[in-house]
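J.: take this sequence and fold it.
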Amino acid sequence: MYSFQTSKGNWHRVFGISDQQNWEYLESISPYPIKMPAASFNQDDSIGEHLDYNSSEGLWRQDKTLTVGGQFNSASTNLLEIGVKGGDLLQILNWQLNASLDSLSNTAAGVSGYLNFRKYPINLTADFHYFNLDFNEQGHSVRGDKTTFAGVGFSADYPYRLFETYSGEFNASYDHNEYEPDGYAVVSDKSMSFGHKQQFWFDRQSWGVVQSSSINWLSGETERDLVAGVDDWTGTDLQLSLGAHYQGILFTTDYLSAERKDSSYDLLSIGGMPSTLIAEDMFSHWQFAPELPFGYDSGDKFERITFALSSRTGGTQFYYSELVVDSYVIMEIVGLRSKEKINMYGTGLSDLVFDYGLATLISPEDEYSVQGWFGLRYQY
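T.: Okay, here's the model as predicted:
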């Protein structure tokens, strides 16, 4: 059917078109001198085309970006960190290379990096670090020499979910770290870790509870140049958390414990703020506490008990902590703190952590001091 309209009305003509191949006759039956061009059809074969994600169009199409981070910590370091980070659209493969330098002194400087592969049902991570840390040059000076740290680590995680409000994860890791204080022999530490973490929550909008736990069993050996023999050790890391919210107010209590056995040395080192350069998962024996400088204390057992009050939606916490080393209270802490995780996958940025805090520290001798920190880092 062919239709057109003129000042005399509508015109309709019907033709048998089952065998029609030539449409030029339409030009002779239309009263208009100006007509639309002949219709054409172009097919784009790329539309709907199936592409293998394990190709340059998927997994290997890495969105790369320049990263800038750092931290200001009145107790330990003030780092400026610059690097390159990349990842594919689904964040199956992501990586980062990072260089850091203390912006106010020569407290710390070095490089680090990681490679992470996340594909159900397992997550694999490899990391490395090389940096110098001068314990005496920190904001709160402690006795210790300028030390060079180097190491690599590998880890595997298997997450699972039993039901809607319960999730868990099995994990295993291997770390090889070496450090050399100026003027002293190299110390080498190797460790294996196996663990499990879980979380359960029950929420009724106006009120709810959440519970989580993490436990790791460790085994390793420490070897010191110029000292005969190898020092074998075992250990456990435990963290328990319980929280409840009512009418928008969240109360949480946390208990953290780390213990090392069978060693001739105090392996645990307490204090310091994690950064992109000095990440939490790189060291088997470091127990981070942003309120204290690196190497503030050492021992065989470390415990931290924390009570916190905050809004249910997150944000700033008001908290109280007690830090215990080998059954002795080394510090009480009262303050404000916050930690938020940000992901911007479209720009290749993920696992961006922003944290800050301000706290009053009370020593066993009732000496008071105030410490503050502010940080932007990448946590793999």
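
J.: compute the number of surrounding residues for residue 143.
T.: For residue 143, the neighbour count with other CB atoms under 10 Å is 7. For every residue, glycine as well, the C-beta is placed using N, CA and C.

J.: what's the answer for residue 105, then?
T.: Other residues close to residue 105 by other CB under 10 Å number 12.

J.: same check on residue 160?
T.: Residue 160 has 11 nearby residues by other CB under 10 Å.

J.: mind listing what it touches?
T.: Counting by CB atoms under 8 Å, 6 or more residues apart in numbering, residue 160 touches 121, 167-170.

J.: one more time with 10 Å, if that's ok
T.: 121, 166-170, 198 (CB atoms under 10 Å, 6 or more residues apart in numbering).

J.: pairing partners for it in the sheet, please.
T.: residue 168 (DSSP bridges).

J.: related to what we said a few turns ago, what subset of the contacts of residue 160 is buried?
T.: 167-169, 198 (16 or more other CB atoms under 10 Å).

J.: got the residues you listed as TSV, with distance to residue 232 and pLDDT columns?
T.: Shown next, in TSV, are the buried ones among the contacts of residue 160 (distance: CB to CB, whole Å; pLDDT from 0 to 100):
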residue	distance to residue 232	pLDDT
167	35	95
168	30	96
169	28	96
198	30	97
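
J.: mind listing the strands for the stretch 201-350 of the chain?
T.: Using DSSP state E, counting those that start in this stretch, the strands of the stretch 201-350 of the chain run over residues 207-224, 231-246, 249-261, 268-270, 286-287, 297-299, 301-311, 314-325, 328-344, 349-362.

J.: pLDDT weak spots in this structure?
T.: Within the chain, the set of residues satisfying pLDDT under 70 comprises 1-41, 43-53, 55-58, 344-350, 380.

J.: ok now do the most centrally placed residue in it, which residues does it touch?
T.: The centroid of the chain falls nearest to residue 379 when counting by CA atoms, centre = their mean (2.5 Å). Shown in contact with residue 379 (CB under 10 Å, 6+ apart): 114, 274-276, 279-281, 339, 341, 350-353, 355.

J.: got the buried residues for stretch 309-316?
T.: 310, 312.

J.: run through the strands of the stretch 1-150 of the chain in chain order.
T.: Counting by DSSP E, counting those that start in this stretch, the strands of the stretch 1-150 of the chain are 2-6, 9-13, 63-73, 79-87, 93-102, 108-119, 122-134, 146-163.

J.: now render those as a markdown table, adding distance to residue 261.
T.: Listed next are those as a markdown table, based on distance: least, CB to CB, whole Å:
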| stretch | distance to residue 261 |
| --- | --- |
| strand 2-6 | 92 |
| strand 9-13 | 96 |
| strand 63-73 | 31 |
| strand 79-87 | 34 |
| strand 93-102 | 34 |
| strand 108-119 | 30 |
| strand 122-134 | 26 |
| strand 146-163 | 22 |
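
J.: nearest to residue 320, out of those strands?
T.: When those are compared by CB to CB, strand 63-73 sits nearest residue 320, at 20.3 Å.

J.: neighbouring strands - and their directions - for that closest one?
T.: strand 79-87 (antiparallel), strand 368-378 (antiparallel).

J.: just those strands: most buried one?
T.: Ranked by mean neighbour count, those are led by strand 79-87 with a mean of 20 (mean count of other CB atoms under 10 Å).

J.: okay, that one in CSV with CA atoms only?
T.: The C-alpha trace of strand 79-87 is given here as CSV (Å, rounded to 0.1, in the frame of the first residue of the first chain):
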residue,chain,number,x,y,z
LEU,A,79,54.0,9.5,53.6
LEU,A,80,53.4,10.8,50.1
GLU,A,81,52.5,7.9,47.8
ILE,A,82,52.3,7.9,44.0
GLY,A,83,51.7,4.9,41.8
VAL,A,84,49.8,3.2,38.9
LYS,A,85,46.8,1.0,39.3
GLY,A,86,44.9,-1.1,36.8
GLY,A,87,42.0,-3.5,36.5
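
J.: what are the bridge partners for residue 255, then?
T.: residue 240, residue 305.

J.: quick one: it from residue 213, how far?
T.: Using CB to CB, to the nearest Å, residue 255 is found at 10 Å from residue 213.

J.: which residues are in contact with each of those two?
T.: 238-242.
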